[in-house]
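Participant: just to be clear, the model below is a prediction. Sequence and coordinates:
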Amino acid sequence: MVSNQRLLVAITLFAAISITFPYYSGIFFGDNKKEVTVADKNNIQKINFKIDGMTCDACQNHVNHAVNELPGIIDVKSSYSEGNAVIEFDSTQTSILEIEKAINGTGYKVVGKK
């Protein structure tokens, strides 16, 4: 009887931790923004990626973190509610293809870009 109660308590704690994960997931994806030096402002591009599969804050944090690992990324703003990521980058330091690979590497899928 006591082991059943312990099992129920353990399952309840696990469920509570899992359900609240989107609220504290940011501690796993620390701020990895960096300062980017741009030689020519004509090389700066801004692109909007349509992303399939993001459902919470943790998802958008995962995408932001992965893209910020690339060189030349100036700004990343992803939104699970909009299903997109708007990325500003220096095209001499990284490419649209590399950014798309980084997003797809998170487990979410780029389904369009403009």
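Facilitator: Nice, I can see it.

Participant: check contacts around the residue most central in space within the chain.
Facilitator: Residue closest to the average C-alpha location in the chain (Cα atoms, centre = their mean): Val63, at 1.7 Å. For Val63, the contact set (Cβ atoms under 8 Å, 6 or more residues apart in numbering) comprises Ile51, Met54, Val76, Ser78, Ala85, Ile103, Thr106, Tyr108. To be clear about C-beta, it is placed using only N, CA and C from the backbone, and glycine gets the same treatment.

Participant: narrow those residues to those that are buried.
Facilitator: The neighbour count (16 or more other Cβ atoms under 10 Å) marks Ile51, Met54, Val76, Ser78, Ala85, Ile103, Thr106, Tyr108 as buried among these.

Participant: which one among those residues gets closest to Ile11?
Facilitator: Met54 (27.7 Å; Cβ to Cβ).

Participant: any idea how far the closest residue in space to Asn64 that isn't next to it in sequence lies from Arg6?
Facilitator: Leaving aside its sequence neighbours, Asn64 sits nearest to Val76 (Cβ to Cβ, 6 or more residues apart in numbering; 4.9 Å). In this view, Val76 and Arg6 are 44 Å apart by Cβ to Cβ, to the nearest Å.
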